[in-house]
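K.L.:
can you look at this prediction? I've put the sequence above it.
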Amino acid sequence: MVVRSRPLSGIVMSLLLSCASLCRAMPGDDTLPPPPDARVIGEQAVFHLTLTINHYDTGLVVPVIRRDNAFYVASGDLQRAGIPAEHLPAGEVNVSQLAQVKADYDSSGQRLLLSTPRDWLPERRVTFNDETPPEGARHGSGALLNYDFYTRRDDDGDVQASLWHELRFFSDPGTLSSNGYFRRSLSGDDDRQAGYVRYDTVFTATHEEDATRWQVGDVISDALSWSTSVRVGGLSWGRDFSLRPDLVTWPLPTFSGEAAVPTAVDLFINGYRTGSTSLQPGPFTLTNLPWINGAGEAVLVTRDALGRQVSTTLPFYVASSLLRPGISDGAVTLGALRRNYGIDNVDYGPMVGSATWRHGVTEALTLEAHGEGAASLALGGGGALVKLGRFGVVNGAWTESRMRGEGGHQLDWGYQYSTTAYSLATQHSRRERGFGNLALYDQTTSVDQRDPPLVSLSQRSDRYSLSFSMGTLGNIGAAWIDIRSFDAQKTGLLNLSWSRGLWGGSSIYLAASRDDAQGDWTLAMSLQIPLGERDSAAVSIERTPDAGQTQRINYSHAMPSDGGFRWDLAWARQSQARSYQQGTLGWRNGSVELQGGGYGESDAMTWWGEAMGALVLMDGQLFTANKINDAFAVVSTGGHPGVPVNYENQPVGKTNAQGYLLISGVSAYYPASYSINTLNLPADTRLKESERRVALRRQSGYLVDFPMTQARVASVILHDENGRPLPVASQVSRAQHPPAVVGYDGIVWLEELAEVNPLQATTPDGRRCRTSFTLPANPQHRLQTLGPFTCRSGG
């Protein structure tokens, strides 16, 4: 066979060579194409490369055609990378021949490196702080009662008691609250008002997305710095920027520049580092700087990839009284003017209306307007705030009114300037006698000498204030107030102050004031000395024209943040009266705060006691807590008692027998962290999450739920019919459950078990067996290891 194959192979090779020669010589025949030419492959090829423009990685992977040693990229891909369309032809773009562009191919990094003129790159806005809007504020449904019980007894035998309350209902539409107090004389001759006095009853609905608020009930009208507020029984709608603490409403400085290469930038405000970010090549604008106010100096320090640093100093002036361009603020109030507030529960007068409006026109100009109206009152005014570059802010407003046939105007103007070293402000007001507004509308109409008004505005007022920060030498403040009424009475008050920190956290404070009407000085000095972590002492000396000299010494012990005792003692020597003494003892836990004490002179002491707290009804549970001024949270652990709870990573208590814990004193709209400690939970307990970050709506409560379930789990030992553990990696199957894998010693972990659990096992070599077991009771919720169970073939 071997001998015969040799000539046959030669014949076959000869035929193949002849065929190849004939095929080349006879065009048109059905033959195979020639092999590809390597030179042709190099002349045109398609690559998928990352686009890098001026050392900036765009993150785009685009098809790039290499043809005749030139690179072609689709115009749309270049536009997505940031190159303006006006510099690009339509369709396929030869970037190697594009004017003012240099293209290089990085084979090792699979990148196409493009260098373009700097003015081709778009301006990028870079933020120092996160501009992402916060998550919506959460709220639940429930009720809250704040209470404050106070009683006192004089040496004369007079005993009085009062109970203040705030009743609050909150749900999805909003919050309904009412507050007031009940007072009663238990003994003695107390001629003060007794009975119940209602303060305010109001329903409030908030909309955090656009920072607006609705109120119905006893509301207070909005006002500007040159207008006044009044109490109205009616409705009010307007902006409330406190609903969005993340929103900066005043203009902040922006810094622009240009980076040739990727650069890191640090920002220093008045010498303090406040932020850091990275810049990409091209023009940039830094926005959303940290909150600052007043005059200052910003230093931008940029560092490129080689570590070279460049510092740029930029002065600025920020005024929080202005509004950012495009932002509007204001409110509208309609209703009946309220009378005798705090005296009469239901006393409403004529119908009135009030409206205010502010709008940021530019970063240096904010316009203001205010209007009031009633049956015989019309008032309207306008004003503006103007920033004078880096030299402060001036404000001015003009108001015209006509009330009950008499007209008049009011003129206001002022100036403010502040730096880290000093600040100054002036404010002035001038009014005509016939000027009237809602604050005077319900008072005596006549303004002559025989029937003067009960309430009157001043004819003119001037206020000046100045403060200096002298570093280690302390702070100095001065203020002058000059007010003149329409009956030629003049009030002039001068205030001077100096404060300075001393050794070990102690401080000293000096103050002096002079009233032109009395023609004498009031002097005061106070020395604060801390004594340990919670104790402090204070010594003060005061001299007044009426009371003479007073020397006072005070010692106090602060209450721990998690509750406990506090006390303070004071004794004063008075030159024109007997010595004065005062003492207070307080105690607080998580449910109530108690305090009491006495004060007065040795023969005229007053003794008092007070109990403050809150009752909360939520999720069908009644809780006791300290007084809740804002929001609160109720943590639920699905009925598991004794679970430790953390608020902002600090332990605040354990859940009660029903699995609840109330956390009072929560700040609204702050996304706080609530978590539970799971180390002591039963081993068979399952929960989806152990920490949640939640922001709460103002004046409401929310149920922070950590649902838990008791899992029916066990480790099961499986043996074969010979008593040997099933092989490792055997598969255990159950109906409607994923298969489980057998480990060493025949142990398999099973979850979601039933009372009776049939099992089927498949060994790695394909053998199958079956078994079944009954899950025993587990009242202690411990991890169970059951078996061994014999897995029998076929049965």
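P.N.:
Great, that's in hand. Given the structure is predicted, the values throughout are model-derived calculations rather than measurements.
K.L.:
tell me where the stretch 201-350 of the chain has strands.
P.N.:
212-220, 231-239, 255-259, 263-269, 272-279, 282-287, 294-304, 309-318, 328-338, 348-362 (DSSP state E, counting those that start in this stretch).
K.L.:
phi, psi of F789?
P.N.:
With angles defined as degrees, to the nearest 10, F789 sits at phi -110, psi 140.
K.L.:
about what we covered before: right, and the strands of the stretch 201-350 of the chain - which one's nearest N649?
P.N.:
strand 272-279 (24.3 Å; C-beta to C-beta). Using the backbone N, CA and C atoms, a C-beta is placed for each residue, glycine as well.
K.L.:
picking up where we left off before, between the strands of the stretch 201-350 of the chain, which one is closest to R697.
P.N.:
So among the strands of the stretch 201-350 of the chain, strand 212-220 is nearest, using C-beta to C-beta, at 11.4 Å.
K.L.:
now do the closest one, average pLDDT.
P.N.:
When pLDDT is averaged along strand 212-220, the result is 95.
K.L.:
repeat for stretch 619-639
P.N.:
93.
K.L.:
over to stretch 590-609?
P.N.:
Mean pLDDT, stretch 590-609: 92.
K.L.:
that older thread, for G639, find the nearest of the strands of the stretch 201-350 of the chain.
P.N.:
That would be strand 212-220 among the strands of the stretch 201-350 of the chain, by C-beta to C-beta, at 37.4 Å.
K.L.:
now the closest one against strand 328-338, angle please.
P.N.:
30 degrees (axes from the mean of the first three to the mean of the last three C-alpha atoms, to 10 degrees).
K.L.:
hang on, the earlier thing: out of the strands of the stretch 201-350 of the chain, nearest to A74?
P.N.:
strand 282-287 (21.8 Å).
K.L.:
coming back round to it: could you dump the strands of the stretch 201-350 of the chain to JSON lines with mean neighbour count?
P.N.:
JSON lines is the format used below for the strands of the stretch 201-350 of the chain (neighbours: other C-beta atoms under 10 Å):
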{"stretch": "strand 212-220", "mean neighbour count": "19"}
{"stretch": "strand 231-239", "mean neighbour count": "20"}
{"stretch": "strand 255-259", "mean neighbour count": "17"}
{"stretch": "strand 263-269", "mean neighbour count": "18"}
{"stretch": "strand 272-279", "mean neighbour count": "14"}
{"stretch": "strand 282-287", "mean neighbour count": "18"}
{"stretch": "strand 294-304", "mean neighbour count": "17"}
{"stretch": "strand 309-318", "mean neighbour count": "14"}
{"stretch": "strand 328-338", "mean neighbour count": "19"}
{"stretch": "strand 348-362", "mean neighbour count": "18"}
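K.L.:
nearest to E601, of these?
P.N.:
Closest among the strands of the stretch 201-350 of the chain, using C-beta to C-beta: strand 231-239, at 38.3 Å.
K.L.:
on contacts alone, who are the packing partners of the closest one?
P.N.:
strand 212-220, strand 328-338, strand 348-362 (3 or more C-beta pairs under 8 Å, 6 or more residues apart in numbering; DSSP states H and E).
K.L.:
now those strands as a markdown table including distance to N94?
P.N.:
Formatted as a markdown table, those follow (distance: least, C-beta to C-beta, whole Å):
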| stretch | distance to N94 |
| --- | --- |
| strand 212-220 | 56 |
| strand 328-338 | 52 |
| strand 348-362 | 46 |
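K.L.:
what comes up buried for stretch 725-735?
P.N.:
If you call a residue buried by 16 or more other C-beta atoms under 10 Å, then stretch 725-735 has these buried ones: P725, L726, S730, Q731, V732, R734.
K.L.:
kindly format the C-alpha coordinates of it as CSV.
P.N.:
Output in CSV follows, covering the C-alpha atoms of stretch 725-735 (Å, rounded to 0.1, in the frame of the first residue of the first chain):
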residue,chain,number,x,y,z
PRO,A,725,-23.1,11.0,54.7
LEU,A,726,-24.3,11.9,51.2
PRO,A,727,-21.4,13.0,48.9
VAL,A,728,-20.4,16.6,48.8
ALA,A,729,-22.1,18.6,46.0
SER,A,730,-25.2,16.4,46.0
GLN,A,731,-28.3,18.4,45.0
VAL,A,732,-31.3,18.4,47.4
SER,A,733,-34.6,19.4,45.7
ARG,A,734,-38.0,20.4,47.1
ALA,A,735,-41.2,21.4,45.4
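K.L.:
give me the contact list for stretch 748-761.
P.N.:
711-716, 718, 726, 730-735, 737, 740-743, 768-775, 789, 791 (C-beta atoms under 8 Å, 6 or more residues apart in numbering).
K.L.:
try 7 Å this time
P.N.:
Residues from elsewhere that reach stretch 748-761 (C-beta atoms under 7 Å, 6 or more residues apart in numbering): 711-716, 718, 726, 730-734, 737, 740-742, 768-775, 791.
K.L.:
of the strands of the stretch 201-350 of the chain, which is nearest L679?
P.N.:
For the strands of the stretch 201-350 of the chain, the distance to L679 is smallest for strand 272-279, at 37.3 Å, taking C-beta to C-beta.
K.L.:
contacts only, for L594.
P.N.:
G586, W587, A611 are the contacts of L594 under C-beta under 7 Å, 6+ apart.
K.L.:
so the last one is in contact with V592, correct?
P.N.:
Yes - here A611 lies in contact with V592, judged by C-beta atoms under 7 Å, at a distance of 6.2 Å.
K.L.:
returning to what we had before: who wins on neighbours among the contacts of L594?
P.N.:
G586 (18 neighbours; other C-beta atoms under 10 Å).
K.L.:
TSV please, covering the strands of the stretch 201-350 of the chain and showing distance to T685.
P.N.:
Formatted as TSV, these follow (distance: least, C-beta to C-beta, whole Å):
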stretch	distance to T685
strand 212-220	43
strand 231-239	47
strand 255-259	54
strand 263-269	47
strand 272-279	43
strand 282-287	48
strand 294-304	51
strand 309-318	53
strand 328-338	50
strand 348-362	54
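K.L.:
of the ones you listed, which is nearest A99?
P.N.:
Closest among those, once you apply C-beta to C-beta, is strand 282-287, at 18.7 Å.
K.L.:
let me see the mean pLDDT of the closest one.
P.N.:
On average, strand 282-287 scores 67.
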